[in-house]
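Enquirer: With the input below, show me the fold.
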Amino acid sequence: MSPYGRSDRPPTVPPGSAPPLALLGVTASGKSSLALALARRRGDVELVSVDSMQVYRGMDVGTAKPTTAEQAEVRHHVIDLVDPWERFEVHSFQAAVREALADIAARERRAVLVGGTGLYLRAVVDDLDLPGRFPDVAADLEAEPDTPELHRRLAEVDPLAASRMEPTNRRRVLRALEVTLGSGRPFSSFGPGFDAHPPSPVHLVGLWLPRTVVADRVERRYHQQVAGGFLAEVERLHAGPPLSQTAAQALGYRELLAHLDGETSFDDALSLAITRTRQFARRQRVWFRKDPRITWIGAHDDPMVALPALEAEAAALWD
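Expert: Presented below is the predicted three-dimensional model:
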């Protein structure tokens, strides 16, 4: 059960504006290129990234960030917002998207959300009420090494949340206690979770490719990124300030950073990155499959085959 619920704040999508379209799909499926093609064809579309790593400056090659030329041709939002050593979490993303959608609506343009970061997408699609961070509380809790003892404390202040997690799952127990003690509100009160799929102003369209095709595309993309300077990009990051916990875990970056720390060879790091990214794609597929609101459009090995179907979805929504 998720700790997130519906918010009482002003909605993320501005009232009275044209509803956004969200093009989602697993990593390396070609959804960004497809969305860019739609924007070129229509002329009234701006793109909003739903990628937890494209927000970081200097993380360009490995996140498949739109090129300078593509950004000059079609306006992109919610990229290059912070340095990779700065903290940036889902509530920060939600605020950035709210600002972008208001800007797009004010100019009477059409917004297409593009990406595969499931939690970030749901934060926008369902305008989730997100628990804040309470660093001082978290630091005090971290000082307690006995995770079952922390779970017992959680059971006293939020028995429902405690019942939903294993007493030994330190990360979840710490987060639940941090929110409960820091906000003065039970962690379990933050909503019904991701099993609920209420009506949303965002029209969801999913790009579907066969698993074997996605697996091949993942490997090809990594080799293209290496040829495009991915290792040099990670070397620059490695030489700078320590990356934030989130940025340091980015697929591809995590493995190449380990290589630069002497923990593994380059070939092994690349192979591990490919394996982990394929596993991530499978998890994304499972995540999206649960949402009955998604209209799926299919392609075999060329995502551009789905462009007419995507254009039809956009026309039905906006024209």
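
Enquirer: how about the residue nearest to the spatial centre of the chain, what does it touch?
Expert: Nearest residue to the geometric centre of the chain (C-alpha atoms, centre = their mean): residue 117, 2.5 Å. Residue 117 makes contacts with 50, 51, 52, as judged by C-beta atoms under 8 Å, 6 or more residues apart in numbering. Quick note: C-beta positions are derived from backbone N, CA and C, even for glycine.

Enquirer: What about those residues, which one has the most neighbours?
Expert: Highest neighbour count within the contacts of residue 117: residue 50, with 26 neighbours (other C-beta atoms under 10 Å).

Enquirer: Bridging across strands, which residues link to that residue?
Expert: With DSSP bridges as the criterion, residue 50 is bridged to residue 115.

Enquirer: so it makes contact with residue 125?
Expert: No. If you go by C-beta atoms under 8 Å, residue 50 and residue 125 don't touch, sitting 9.4 Å apart.

Enquirer: Mutual contacts of those two, please.
Expert: residue 22.

Enquirer: Looking at the contacts of residue 117, which is nearest residue 226?
Expert: residue 51 (19.9 Å; C-beta to C-beta).

Enquirer: which residues of the stretch 201-319 of the chain fall in helices?
Expert: 211-227, 230-238, 245-248, 253-260, 266-289, 307-318 (DSSP state H, counting those that start in this stretch).

Enquirer: just the ones you listed: most buried one?
Expert: Of all these, helix 253-260 carries the top mean neighbour count, a mean of 20, counting by mean count of other C-beta atoms under 10 Å.

Enquirer: Can you give the contact residues for that one?
Expert: Contacts of helix 253-260 (C-beta under 8 Å, 6+ apart): 59, 62, 230-231, 234-235, 237-238, 243, 247-248, 264-266, 268-270, 272-273, 276.

Enquirer: Who are the contact partners of residue 94?
Expert: 12, 120, 123, 124, 128, 130.

Enquirer: For residue 167, the count of nearby residues, please.
Expert: Residue 167: 15 neighbours (other C-beta under 10 Å).

Enquirer: oh sorry, the question was meant for residue 303
Expert: 25.

Enquirer: Can you name the residues that contact it?
Expert: 29, 30, 31, 33, 34, 207, 209.

Enquirer: Just give me the closest of the residues you listed to residue 72.
Expert: residue 33 (16.4 Å).

Enquirer: Can you show me the CA trace of the helix or strand the closest one falls within as CSV?
Expert: Applying DSSP states H and E as the criterion places residue 33 in helix 31-42. Output in CSV follows, covering the C-alpha atoms of helix 31-42 (Å, rounded to 0.1, in the frame of the first residue of the first chain):
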residue,chain,number,x,y,z
LYS,A,31,8.5,7.0,-26.8
SER,A,32,10.6,10.2,-26.7
SER,A,33,11.2,10.1,-30.4
LEU,A,34,7.6,9.3,-31.0
ALA,A,35,6.4,12.3,-28.9
LEU,A,36,8.9,14.5,-30.8
ALA,A,37,7.5,13.3,-34.1
LEU,A,38,4.0,14.2,-32.9
ALA,A,39,5.1,17.6,-31.8
ARG,A,40,6.6,18.2,-35.2
ARG,A,41,3.5,17.1,-37.0
ARG,A,42,1.0,19.1,-35.0
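
Enquirer: That helix packs against which elements?
Expert: If you count contacts as 3 or more C-beta pairs under 8 Å, 6 or more residues apart in numbering; DSSP states H and E, helix 31-42 packs onto strand 21-24, strand 45-50, strand 110-115, helix 307-318.

Enquirer: Residues contacting the first one, please?
Expert: It refers to strand 21-24. In contact with strand 21-24 (C-beta under 8 Å, 6+ apart) are residues 31, 34-35, 38, 50, 110-116, 121, 124-125, 202-207, 288, 294, 310, 313-314, 317.

Enquirer: What pairs with it, parallel or antiparallel?
Expert: strand 110-115 (parallel), strand 203-208 (parallel).

Enquirer: Tell me which of the ones you listed sits most buried.
Expert: For these, the highest mean count by mean count of other C-beta under 10 Å goes to strand 110-115, at a mean of 25.

Enquirer: can you give me the angle it makes with helix 307-318?
Expert: 130 degrees (axes from the mean of the first three to the mean of the last three C-alpha atoms, to 10 degrees).

Enquirer: Might you report the residue contacts of residue 246?
Expert: 52, 87, 88, 89.

Enquirer: Mind telling me what element the second one is part of?
Expert: Taking DSSP H and E as the criterion, residue 87 maps to no regular element, lying outside all helices and strands.
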